[in-house]
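A.B. asks: Let me see the structure of the following:
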Amino acid sequence: MRLESIVVPPSVKPALESATLPNLESAVMRVIEGNPGTVNGEKSRSLEQLVAKGKAAIIPAPALETIIGQVDSRVRILDTDLDPWRMICNLEITGPLGRFVGTGWFAGPRTVITAGHCVSAPMMGGNATSIRVTPGRNVGAIQYGSKVSTSFSATNLWYQNQDPDFDIGCIHLAEPFDPIPGWFTIESMDPAELEGYLINVAGYPGDKGGDKMYHHANQVLTTSDRRLFYNVDTMGGQSGGPAWVHKSENGPPVVVGIHAYGEGATPANFNIEANSAPRIIPEVFDLIQGWVTADS
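C.D. replies: Sure thing, here's the model as predicted:
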């Protein structure tokens, strides 16, 4: 299957095509270096106290729920104006059937990555007509302002077939924010290396109002050819959020997947209870890099 970029109407942005790779994995891993932005470098207490770093022994998830187990372990982030939270965006999506909430994250100054179903999905009646992007939102506290975009892209295999392995989208901003909130490091990591990593997911869950950021961290349980499975608590509205690791105690956040699904999308034959993200494999990395380059 060939992965390509599809322009989602009413965008007029030209389509970008990803490289066609003979294998899903490559001996040369791809990395886009992140940037903390042009705002102050104050340290986030949430980053220090909540974010999981490094690896841990794998412990199977206990229950088949989007909230894994009996306890909702998500924690609200209050210092959303600080790194890395300000690089995570609240999305107010307008579609033919009304308004929806989602999450996105910066891959470059004008490039916001999200789930494909945040830009085009049957549940919202087709294609989004506009999306308001608000970095680091905390209810009414909108430190960096908001921008509305009508320019979107998605992978061809999501847009045409709604294939969950390819549920990846992009919001193209006409102008960068000022100051720039920054953008994440992105890496295509070897799947064997990923297993056992502690992984973080943050976003704007609808069950909490859709205007407050929540975070949870737990373990990568396994990977498939194109997806990443973890026992991290999430709910609707967090789709499109970054799934990231810290490879060392003082290392930067490294996005390795785009959160998109609850346990209902986990194959039964995996015999695990997990939520999941399309993984940043080399061809997905190349696609994102193409979007960033075109926006720049």
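A.B. asks: Can you verify my assumption that residue 105 contacts residue 85?
C.D. replies: No: when contacts are counted by C-beta atoms under 8 Å, residue 105 is not listed as touching residue 85 (10.3 Å). Any C-beta I mention is one placed from the backbone N, CA and C, and that applies to glycine too.
A.B. asks: ok, those two, which is more surrounded?
C.D. replies: Remark: of residue 105 and residue 85, residue 105 carries more neighbours, 28 against 23, as counted by other C-beta atoms under 10 Å.
A.B. asks: could you say what helices and strands whichever strand or helix holds that one packs with?
C.D. replies: Element membership for residue 105 (DSSP states H and E) is strand 98-108. Counting contacts by 3 or more C-beta pairs under 8 Å, 6 or more residues apart in numbering; DSSP states H and E, strand 98-108 packs against strand 88-95, strand 111-114, strand 130-135, strand 198-203, helix 282-295.
A.B. asks: Taking their axis directions, the last one and strand 98-108 sit at what angle?
C.D. replies: It stands for helix 282-295. Helix 282-295 runs at 90 degrees relative to strand 98-108, counting by axes from the mean of the first three to the mean of the last three C-alpha atoms, to 10 degrees.
A.B. asks: Please export the C-alpha coordinates of helix 282-295 as CSV.
C.D. replies: This file holds the C-alpha atoms of helix 282-295, laid out as CSV (Å, rounded to 0.1, in the frame of the first residue of the first chain):
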residue,chain,number,x,y,z
PRO,A,282,9.9,6.0,8.2
GLU,A,283,7.3,6.7,5.5
VAL,A,284,5.1,8.5,8.0
PHE,A,285,8.1,10.5,9.1
ASP,A,286,8.8,11.4,5.5
LEU,A,287,5.2,12.5,5.0
ILE,A,288,5.3,14.8,8.1
GLN,A,289,8.6,16.2,7.0
GLY,A,290,7.1,17.0,3.6
TRP,A,291,4.3,18.9,5.3
VAL,A,292,6.7,20.9,7.5
THR,A,293,8.9,21.7,4.5
ALA,A,294,5.9,22.9,2.4
ASP,A,295,4.5,25.0,5.2
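A.B. asks: which stretches of this structure form helices?
C.D. replies: Secondary structure of the chain (DSSP state H): helices located at 45-50, 156-161, 191-194, 282-295.
A.B. asks: And the first one, what's buried?
C.D. replies: Pointing back at helix 45-50 there. With burial defined by 16 or more other C-beta atoms under 10 Å, the residues of helix 45-50 counted as buried are 46-47.
A.B. asks: go on, the longest one?
C.D. replies: Within helix 282-295, the residues that qualify as buried are 282-292, 294-295, counting by 16+ other C-beta under 10 Å.
A.B. asks: Quick one: list the elements packing against it.
C.D. replies: With contacts defined as 3+ C-beta pairs under 8 Å, 6+ apart, the secondary structure elements packing on helix 282-295 are strand 5-8, strand 31-32, strand 98-108, strand 111-114, strand 169-172, strand 185-187.
A.B. asks: would you list the ones you listed in CSV and tack on mean pLDDT and distance to residue 127?
C.D. replies: Putting the helices and strands packed on helix 282-295 into CSV (pLDDT from 0 to 100; distance: least, C-beta to C-beta, whole Å) gives the following:
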stretch, mean pLDDT, distance to residue 127
strand 5-8, 82, 5
strand 31-32, 80, 27
strand 98-108, 96, 12
strand 111-114, 98, 14
strand 169-172, 98, 11
strand 185-187, 97, 25
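A.B. asks: could I get those strands as a markdown table with distance to residue 214?
C.D. replies: Formatted as a markdown table, these follow (distance: least, C-beta to C-beta, whole Å):
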| stretch | distance to residue 214 |
| --- | --- |
| strand 5-8 | 27 |
| strand 31-32 | 26 |
| strand 98-108 | 10 |
| strand 111-114 | 17 |
| strand 169-172 | 21 |
| strand 185-187 | 22 |
